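J.: A structural model of the following input is requested.
(chains A and B)
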Amino acid sequence: MKQLISLRVNGELYELYVPVHKTLLEVLREDLGLTGTKHGCELGECGACTVLVDGEPVLSCLTLPVEVQGRDIVTVEGLAENSVPHPLQVTFAELNAAQCGYCTPGMLMSAKALLDRNPNPTPEEVREALAGNLCRCTGYVKIVEAVRLAARRLQGDLGNIVEEIERALNEGVVQEPESR
Amino acid sequence: MSTNGYDDRKNRTNLGSHLKKETSVVGRPLMKVDAMAKVTGQATYADDIHLPRMAYARMLPSTQPHARIVRIDTSKAEALPGVLAVITGQDLPIKYGILPVSQDETALAVDKVRFVGEPVAAVAAVDEETAERALELIEVEYEPLKPIMSIEEALEETEVRIQEYGHGGNIHKMVSLQFGDVEEGFAEADYVREDLFFYQGNNHLAMEEHSAVAYYSPDGKLTLWSSTQTPHYVHRALAKVLELPPSRIRVIACHPGGGFGGKSDPFHHEICAAKLAMITGRPVKITLTREEVFYAHRGRHPVLMWVKTGVKKTGEITAMHFRSMLDGGAYGSYGVATTYYTGALQTVTYKIPRYKFEGLRVFTNKPPCGPKRGHGTPQPRFALEIHFDKICEDMGWDPAEWRKQQACEPFSLTANYLRITTIGLKECIDKVVEASGFKEKFRKLPYGRGVGLACSAYLSGANLPIYWNDMPHSGAMVKVDRGGGVTVYCGSTDIGQGSNSVLAYVVAEVLGVRPQDVAVVTADTDLTPVDLGSYSSRVTVMTGNAAIEAAQKVRDQLFQAAADELGTTPDNLEAAGGRIFRRDDPGVGLPFAKAAQLAEARFGTLAAVGSFTPPKTPGRYKGAGVGPSPSYSYTACVVEVEVDPETGWVRVPKVWIAHDIGRALNPILVEGQAEGSVYMGLGEALMEEQVFRRNLHKIPSMLDYKSPTFLETPDIETILVETNDPHGPFGAKEAGQGPLLPVPPALCNAIYDAVGVRIDELPVTPDKILKALERKAKGQEPRVGPERMPEVEWVEPIYVEPPSLEHDPSLVPSANP
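T.: Residues are numbered from 1 along each chain as shown, chains lettered A, B, ... in the order given. A predicted model of the protein is given here:
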């Protein structure tokens, strides 16, 4: 059975005619072409498909689009403002918190939700908040550091983020994260 | 032109010395070249590909562990609207396999199934749901055969065979090698100890489920996009099974979402997608479910091990005898190599003058095992480092000092003729001992808390290729554009370790440009020179050297053209900071792009190729091909634990790891490899296991297959030790696999320090700790682990007289080649 649904994703409104049992993950990836959101289990076990719904992290593989009509859905594609990436994206890139990069979009969304409600989390609070997102590459060390560094940058003077990226590409990490 | 802040970092030297002594890119904690694509969701993984008219395919798994296929009826599935094609084993009968000696797989089962989950048929349909419905309509009639589910059963059962080849019965491979007379060595020893160990199998659990998209164009060319670590081997397998000329097949490795060895074989789904694309004329995608990933497997082999070592009162090892039995699962995969690897690297850490190795691999009715991070060496390293901890305990030796005293010499041979180059083992031990406060903690912490030490070595790439040939293992091509842009082309596959960035770094270093001025094109068999793949920790050393050679050739042309312009000779020029300038007068120079234009005007299009072939291997016996490497990395690790004697629960507050990287091309990437290795090693040591119940995988899901989350992963302190290896690009060695090896034994040694029980079997689950504590309380041996090794008739060993283990100056490469 198909149904007409309307979704607001990354601030854009979409009207779709999709089978009712199709998950939000499938609709995002297959119908909207937003393939930045990943899947690792389709059963809510790995966190790779995490998106934000009204600012809260939600597993899109366990969510039906009909449940989230009229709500604000944000995917990794919506984290950047136009071509300017979110500070979390920069610190993840800078500190090598993304190795294979497959868990990264989900991890970023959980981290964004955390920083939105707790702008200055301790390492323990970061671990607790992200514990539902599995990563097999990093041993989580650099992810905790990246979230904490982004938190500090978000609280202070952000500077020019494009310059930050240039610098990280050319000269490497200059600002050593506090926790190291 | 500005110097881009390059000139402040002139602090490292390179023993290799064919390269300039000061570096401006190498050694810096730079952002990876593909990092921004990955954090913005723009990196393309295989399942992200969507092509016009794309069809979706699914494979039908066997429900039987071991059975003859009596009948398959696909007619109802074919009749289902939306179904485009159905194939069975009869459509793809040609056998393949990663190793030439184990060509035992078919894309879909032919006549017989050998494990639950083995694909039997495949369906392409307009969408995934239709394909799945079609699978339910396929009728398969099986005639069950006796399932064989363990090493013991495989050795006992000789009538019912899983495979029709191998050593006989259900033994796939048996090897026996002896270097010197070990019995003589045991007779000379003051103390001889024997121990038994078991290392359970486990899965890579890469976050991305394998996926492939195939497209067969109207002009008869096949393109396969796949989440593979080894596009070159997939290319070869496709050509063989599909009977197409290699020139008409293009394999493109997308970013694999994690590999760890689990995407190194040619897989069922890759071949099925290709075949279905050829039949339907439409692009076809197959993405595995998580459950199917557990069946595709190729994970860590379960290995049962016995080790006997003799030592002198003064500490020297007199001899070692090691036996391993591997549970291979139903097919060969890399298993013959794995079998050798369980015996190859024992000799590379401490001096073992006489050494005997006997190993065998059996077939069982389980998903095939293969290479996982460390490939066949974490299991024996687990055994060895606990065994040595026990010997040190028995003899009253300090485990750190004993290891340092017995460490192999730099530039020496081992008993089995592996050539050691640089070795930073002693320094690694010193660094972790100091950082962790090991000496203050060992045998001194209160009951329930403990520390353990272990060390290891790993290869920086295998010296021999998987299929015999005398061509290079890695090729790279560097092109310079007249605008000053540089492109490097290489067949290597970046699986997240940063190999694309390594190519950019070394080329940028040689040409004196910035890494982001270097475009990197990799892992595409149509566009890039062959690199054998991302396995055996070979990529940095092999592609790095190949890319350096190519870049140097192009630089020679740039220097020749620039020399005339600058009124000097090429040997007086240097490239750095985006300029080519006179060494004797650095203010006199040209922008890189200007030099490129002069060179192009003079020589034509600017491009050059480079390649890397590993050095010849000194061993001259059958089996000498497994183990040799251009260099070995070394690691030392201290794990601290808290063990709750009431619950058996183990908590790891901190791990210290020191790794001899040769030279860190980018320290932040090396740290990432060490941290990931510690994490993965702890997962294997504490919880991960691929186990079976009533012939079925017990836990084929991410929820039930436990792996460490943020909360179970400890603080990890990584210390990099640089030894500047002469065979490495700018002195580098491997980092991706070696740091995993010492973690499980260091954990078990720490548990012994904490509560006085030996867990000689992984994973260390709470029930095993409680069982061992219970035994201890009853005055029994405080140990949980295997009790016996099955009796087998080992083949007569190949006898090889071992070389001297002392430092040999003739093994040091000339400083100025």
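
J.: Please work out which residues outside stretch A:4-11 touch it.
T.: A:13-18, A:27-28, A:32, A:34, A:65-66, A:68-75, A:77-78 (CB atoms under 8 Å, 6 or more residues apart in numbering or on different chains). (C-beta placed from N, C-alpha, C; glycine too.)

J.: B:Pro367: what's it in contact with?
T.: With CB under 8 Å, 6+ apart, B:Pro367 has these contacts: B:Phe115, B:Gly117, B:Glu118, B:Phe294, B:Tyr295, B:Ala296, B:His297, B:Arg298, B:Gly329, B:Ala330, B:Gln690, B:His697.

J.: and the nearest residue to it once chain neighbours are set aside, how many neighbours does it have?
T.: Once flanking residues are discounted, B:Pro367 sits nearest to B:His297: 3.6 Å by CB to CB, 6 or more residues apart in numbering or on different chains. When counting by other CB atoms under 10 Å in any protein chain shown, one arrives at 29 neighbours for B:His297.

J.: same check, this time on the one 4 residues further on
T.: Using other CB under 10 Å, the number of residues around B:His301 comes to 32.

J.: How about B:Gly396?
T.: 6.

J.: Point out where chain A drops to low pLDDT.
T.: Across chain A, the ranges flagged by pLDDT under 70 are A:157, A:174-180.

J.: any idea which residue sits dead centre in it?
T.: A:Met109 (2.4 Å; CA atoms, centre = their mean).

J.: Could you check the pLDDT of the closest residue to chain A within the stretch 401-550 of chain B?
T.: Nearest to chain A in the stretch 401-550 of chain B, going by CB to the nearest CB, is B:Gly496, at a distance of 3.1 Å. The score at B:Gly496 is 97. That number is its pLDDT.

J.: State the number of residues packed around it.
T.: B:Gly496: 31 neighbours (other CB under 10 Å).

J.: what's the domain layout of chain A?
T.: Domain assignment of chain A by automatic domain parsing yields the ranges A:2-78, A:87-170.

J.: Comparing the ones you listed, which comes out most buried?
T.: Neighbour counts (mean count of other CB atoms under 10 Å in any protein chain shown) averaged over each of these peak at domain A:87-170, with a mean of 22.

J.: chain center to it, what's the gap?
T.: Its chain's C-alpha centre and that of domain A:87-170 lie 9 Å apart, by CA atoms, centre = their mean, to the nearest Å.

J.: Next: stretch B:525-545.
T.: 13 Å.

J.: Repeat that for stretch B:179-199.
T.: Stretch B:179-199 sits 29 Å away from the centroid of its parent chain (CA atoms, centre = their mean).

J.: Also stretch B:354-369?
T.: Chain-centre distance of stretch B:354-369: 18 Å, with CA atoms, centre = their mean.

J.: Okay, buried residues for that stretch please.
T.: Across stretch B:354-369, burial judged by 16 or more other CB atoms under 10 Å in any protein chain shown covers B:354-369.

J.: re the thing from before, reformat the domains of chain A as a markdown table; add distance to B:Val513.
T.: Formatted as a markdown table, the domains of chain A follow (distance: least, CB to CB, whole Å):
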| stretch | distance to B:Val513 |
| --- | --- |
| domain A:2-78 | 31 |
| domain A:87-170 | 11 |
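
J.: wait, isn't B:Lys698 in contact with B:Phe692?
T.: Yes: counting by CB atoms under 8 Å, B:Lys698 touches B:Phe692, with 5.9 Å between them.

J.: Who has more neighbours out of these two?
T.: Per other CB under 10 Å, whichever of B:Lys698 and B:Phe692 has more neighbours is B:Phe692, with 20 against 12.

J.: Next, give phi and psi for the more buried one.
T.: Main-chain torsions, B:Phe692, degrees, to the nearest 10: phi -130, psi 150.

J.: just the one 5 residues further on next, same as before
T.: Backbone dihedrals for B:His697, given as degrees, to the nearest 10, come out at phi -60, psi 130.

J.: What sits closest to it if chain neighbours are left out?
T.: That would be B:Phe294: by CB to CB, 6+ apart, it lies 5.6 Å from B:His697.

J.: so what does the helix or strand that contains that neighbour touch, helix or strand wise?
T.: If you go by DSSP states H and E, B:Phe294 is part of helix B:290-296. With contacts defined as 3 or more CB pairs under 8 Å, 6 or more residues apart in numbering or on different chains; DSSP states H and E, the packing partners of helix B:290-296 are strand B:55-61.

J.: Can you tell me what sits against the strand it packs on?
T.: By CB under 8 Å, 6+ apart, the list of residues contacting strand B:55-61 reads B:84, B:108, B:116-128, B:130-132, B:134-135, B:138, B:140, B:268-269, B:272-273, B:276, B:280, B:282-286, B:292, B:295.

J.: Check which residues of the helix holding B:Phe294 are buried.
T.: Those would be B:Arg290, B:Glu291, B:Glu292, B:Val293, B:Phe294, B:Tyr295, B:Ala296, for helix B:290-296 by 16+ other CB under 10 Å.
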